[in-house]
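Engineer: Have a look at this fold, sequence not included:
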C-alpha cells in the first residue's frame with residue numbers, strides 16, 4: 001500500500017471530511033488511525049499497518065528522553081476513526097486545533113501514510129520547499 005496524491009477538500013460540516021476514494025481503497029476496512037503529525041498537520045495510517053509500526057516504537061528505551069517525547073507526542077493524540085458509507089469521518093477537536101484546520105483542507109499521500117493539512121499552511125509549506 002502506497003498513499004499518494006494531493007486532494008483539496010472542503011469540510012462538509014465542522015470537523016467532517018470525506019477521505020478521497022483512492023486513499024480509502026488502500027485502507028483495510030473502514031477504520032484508520034489519526035494522530036498529530038509533525039509540521040502541524042495530522043497523520044493518518046491504516047489501522048493494521050499502524051499497529052505493526054507501534055511495536056517498533058516500544059523497542060526504544062523509555063530512559064531516552066527524545067524517544068519518550070516522541071511517544072508522548074504520537075500516542076497521546078491517537079484516535080481510531082471510522083469512515084461511513086460515503087467516506088466521511090470526523091476529526092476530534094484537539095486534532096483540529098493542533099493542525100489549525102480552517103474551512104479547506106489538503107490531504108496528501110506520503111507513501112506509508114497520508115497527512116491532512118490546512119489548505120493555507122500547505123500552500124506556505126510547498127513554497128518553502130521549492131525555495
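Structural biologist: The structure has been received and is ready for your questions. Note that the coordinates shown come from a computational prediction; the quantities given were computed from them, not determined experimentally.
Engineer: What sits closest to residue 78 if chain neighbours are left out?
Structural biologist: The shortest distance from residue 78 to any non-neighbouring residue, by C-beta to C-beta, 6 or more residues apart in numbering, is to residue 35 (4.6 Å). Quick note: C-beta positions are derived from backbone N, CA and C, even for glycine.
Engineer: Stretch 30-44: which residues count as buried?
Structural biologist: Across stretch 30-44, burial judged by 16 or more other C-beta atoms under 10 Å covers 32, 33, 34, 35, 36, 37, 41, 42, 43, 44.
Engineer: Quick test: name the residue nearest the centre of the protein.
Structural biologist: By C-alpha atoms, centre = their mean, the chain has its centre lying nearest to residue 43, at 2.1 Å.
Engineer: That residue in helix, strand or coil?
Structural biologist: strand (DSSP: H, G, I helix; E, B strand; the rest coil).
Engineer: How about it: what's its closest non-neighbour residue?
Structural biologist: Residue 43 sits nearest to residue 37 (C-beta to C-beta, 6+ apart), 3.7 Å away.
Engineer: Same check on residue 80?
Structural biologist: Nearest non-adjacent residue to residue 80 (C-beta to C-beta, 6+ apart): residue 31, at 5.6 Å.
Engineer: tell me which strands and helices the lowest-mean-pLDDT helix or strand in the chain is in contact with?
Structural biologist: Using mean pLDDT, DSSP states H and E, helix 65-75 stands out as the lowest-scoring helix or strand of the chain, at a mean of 78. Applying 3 or more C-beta pairs under 8 Å, 6 or more residues apart in numbering; DSSP states H and E, one finds that helix 65-75 makes contact with strand 31-36, helix 47-57.
Engineer: Return the set of residues that bridge with the residue nearest to the centre of the chain.
Structural biologist: residue 35, residue 115 (DSSP bridges).
Engineer: next one: residue 105
Structural biologist: Counting by DSSP bridges, residue 105 is bridged to residue 9, residue 118.
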